[in-house]
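Okay, structure incoming, though there's no sequence with it:
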Ligand code: 2IT
């Protein structure tokens with residue numbers, strides 16, 4: 001249950017309370033709203049005109065939610081029915097932009113939470129992107145390529161009318177990678193007769209950007225390096241626990257290893273693997289093979305490299321200097337946070353969106369260790385999607401060097417914007433508050449500029 005009394009500003013507390021009364025079942029959405037509202041109380045105290053303009057009521061209401069039936073036929077010729085959605089949350093800063101998630105947990109509330117987070121994340125990138133998120137309650141594990149293709153085609157048949165390069169630009173997320181974006185794009189093109197930048201995360205040869213697959217994990221690592229530098233440290237020799245083994249985890253492993261750190265865990269729905277020597281070289285390539293195998297399990301890594309596998313457990317009891325949860329929302333709970341703290345972990349960086357529960361977050365904050373929220377640390381993915389949009393608009397393909405240089409600059413600017421906003425509100429070093437404040441002010445001011453729409 002959300003505790004509105006933790007919110008010191010009366011206006012924010014009342015908007016949250018009415019939201020909680022109206023949609024009590026959207027728990028993840030309420031969690032993310034509460035977390036943002038707590039941070040922005042000092043801004044609201046200083047800017048009372050936001051209340052008259054009803055900025056918070058407008059900010060928590062998606063501009064549009066599309067939901068539709070997705071019908072497809074499986075390999076045994078049986079008709080299957082799933083639910084598909086696109087939440088077009090906020091277009092103050094640009095066309096709706098955000099990923100597509102295919103996962104059993106998808107519903108309107110979880111997509112509202114993800115799209116709400118995306119609003120602040122996209123604002124932090126400094127690029128002209130509004131926010132959105134979509135997906136379906138479809139679990140791709142153990143599906144054949146043909147089934148995935150038929151599902152993507154059916155999903156896009158409904159979605160195509162709502163998206164476009166100046167309207168809404170979906171990308172991938174959990175369960176949606178290069179293969180799915182290919183199928184989605186093919187169907188979009190077939191229906192609209194347009195070859196354009198309506199999706200990002202495309203493959204290189206047909207309009208994708210260099211480094212888009214790596215971007216989220218690389219950006220997470222660049223953000224971490226700035227946090228370390230702010231404390232006079234670097235990655236050299238640091239032990240890093242990572243959860244997940246998908247796209248974000250892969251990019252983190254690659255970049256952390258390159259920068260001298262040692263990633264010692266990965267995890268999946270089946271448990272975690274502990275590789276004390278560090279995941280490097282061929283082992284990183286094996287991560288991709290494991291994902292393509294479609295099993296949704298990390299045990300094959302332990303079998304292949306002779307390291308320990310811990311069934312049905314999370315990796316947070318393994319002693320480390322840095323923890324980077326890269327799997328899914330609310331995967332790291334209060335007891336995990338205490339284990340990390342007891343073992344001397346000093347940095348927690350969210351690679352996934354809101355992987356740390358609210359209670360775990362409170363425990364980490366009380367201990368005053370360095371914490372980076374996903375909406376800042378994992379913004380490199382959507383930032384390079386923004387660069388893909390720029391390349392599509394101009395018809396040019398940038399070099400990897402140019403994309404990487406721009407990504408580094410954006411991550412440095414996000415780090416500094418969060419640090420400066422935290423300083424301004426006397427919460428020095430609190431990146432969570434800084435990210436919410438900096439993102440919120442940019443969106444709120446743009447909404448005011450554009451009038452009551
Ligand atoms: O959560 C995210 O930022 C993403 N899934 C990437 C979104 C995008 O549009 O690249």
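Thanks, I have the structure now. Since the model is a prediction, treat every value here as computed from it, not as a measurement.

For the rest of this, base every contact and every neighbour count on C-alpha atoms.
Noted.

can you pull the contacts of the closest residue to residue 153 other than its chain neighbours?
Among residues not flanking residue 153 along the chain, residue 187 sits closest, at 5.5 Å (CA to CA, 6 or more residues apart in numbering). Shown in contact with residue 187 (CA atoms under 8 Å, 6 or more residues apart in numbering): 153, 156, 157.

Reformat those as JSON lines; add pLDDT, neighbour count and secondary structure.
Below are those laid out as JSON lines (pLDDT from 0 to 100; neighbours: other CA atoms under 10 Å; DSSP: H, G, I helix; E, B strand; the rest coil):
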{"residue": "153", "pLDDT": "98", "neighbour count": "23", "secondary structure": "helix"}
{"residue": "156", "pLDDT": "98", "neighbour count": "22", "secondary structure": "helix"}
{"residue": "157", "pLDDT": "98", "neighbour count": "16", "secondary structure": "helix"}
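
Now do the residue nearest to residue 153, the pLDDT please.
On pLDDT, residue 187 comes in at 98.

Check the one 5 residues further on too.
At residue 192 the predicted local confidence, pLDDT, stands at 98.

where does the stretch 251-400 of the chain come near the ligand, residue by residue?
By the rule CA under 6 Å from any ligand atom, the part of the stretch 251-400 of the chain lying against the ligand is 379, 381, 382, 385.

What strand or helix carries the closest residue to the first one other than its chain neighbours?
To tie it back to what came earlier, the one meant is residue 379. Computed as CA to CA, 6+ apart, the closest residue to residue 379 that is not its neighbour in sequence is residue 121, at 5.9 Å. Assigned by DSSP states H and E, residue 121 belongs to helix 108-125.

quick one: contacts for residue 167?
For residue 167, the contacting residues are 95, 96, by CA under 8 Å, 6+ apart.

For it, give me phi and psi.
phi -120, psi -60 (degrees, to the nearest 10).

Which residues are in contact with whichever residue of the stretch 201-350 of the chain sits closest to the ligand?
The ligand sits closest to residue 201 of the stretch 201-350 of the chain, with a gap of 6.9 Å, by CA to the nearest ligand atom. By CA under 8 Å, 6+ apart, residue 201 lies in contact with 171, 172, 177, 178, 181, 208, 209, 212, 213, 385, 388.

top of these by neighbour count?
The most neighbours of any of these, using other CA atoms under 10 Å, belong to residue 385, which has 30 neighbours.

Now do the nearest residue to residue 224 once chain neighbours are set aside against residue 25, distance only.
Residue nearest to residue 224 in three dimensions, not counting chain neighbours: residue 349, with 7.1 Å by CA to CA, 6+ apart. Distance, residue 349 to residue 25, by CA to CA, to the nearest Å: 28 Å.

Could you check which of the two is surrounded by more residues?
Legend: neighbour count by other CA under 10 Å for residue 349 and residue 25, higher for residue 349 (26 against 12).

Surely that one and residue 325 touch.
Yes: contact criterion CA atoms under 8 Å: residue 349 and residue 325 qualify, at 7.0 Å.

Test my guess that residue 320 contacts residue 241.
Yes: if you go by CA under 8 Å, residue 320 and residue 241 touch, sitting 6.2 Å apart.

more crowded one of the two?
Counting neighbours by other CA under 10 Å for residue 320 and for residue 241 shows that residue 241 has the greater number, 29 against 23.

what about the more buried one, which SS state?
strand (DSSP: H, G, I helix; E, B strand; the rest coil).

and it, what does it touch?
Residues near residue 241 by CA under 8 Å, 6+ apart: 263, 264, 265, 266, 315, 316, 318, 320, 322, 323, 324, 325.

so of the residues you listed, which ones are in strands?
Residues of the contacts of residue 241 located in strands (DSSP state E): 263, 264, 265, 266, 322, 323, 324, 325.

May I see the residues you listed organised as CSV, with neighbour count and pLDDT added?
CSV is the format used below for the ones in strands among the contacts of residue 241 (neighbours: other CA atoms under 10 Å; pLDDT from 0 to 100):
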residue, neighbour count, pLDDT
263, 29, 98
264, 22, 98
265, 28, 98
266, 30, 98
322, 25, 98
323, 27, 98
324, 26, 98
325, 30, 98
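
List just the nearest of the residues you listed to residue 133.
Of all those, residue 133 sits closest to residue 325, with 20.6 Å by CA to CA.

So in terms of bridging, what pairs with the closest one?
Following DSSP bridges, residue 325 is listed with bridge partners residue 243.

Give me the contacts around the helix or strand that contains residue 445.
Using DSSP H and E, residue 445 sits in helix 431-449. Helix 431-449 has contacts (CA under 8 Å, 6+ apart) with 36, 39-40, 43, 53, 55, 92-93, 119-121, 123-124, 371-373, 375-376, 415, 417-423, 427.

In strands only, show me these.
371, 372.

which of the contacts of helix 431-449 count as buried?
Applying 16 or more other CA atoms under 10 Å to the contacts of helix 431-449, the neighbour count classes 36, 39-40, 43, 55, 92-93, 119-121, 123-124, 371-373, 375-376, 415, 417-423, 427 as buried.

Spatially central residue for this structure, please.
Taking CA atoms, centre = their mean, the centroid of the chain lies closest to residue 353, which sits 4.1 Å from it.

Next one: the residue lying closest to that residue once chain neighbours are set aside from residue 30, what distance?
Counting by CA to CA, 6+ apart, residue 353 lies nearest to residue 374, which is 5.2 Å off, once chain neighbours are set aside. Residue 374 sits 17 Å away from residue 30, going by CA to CA.
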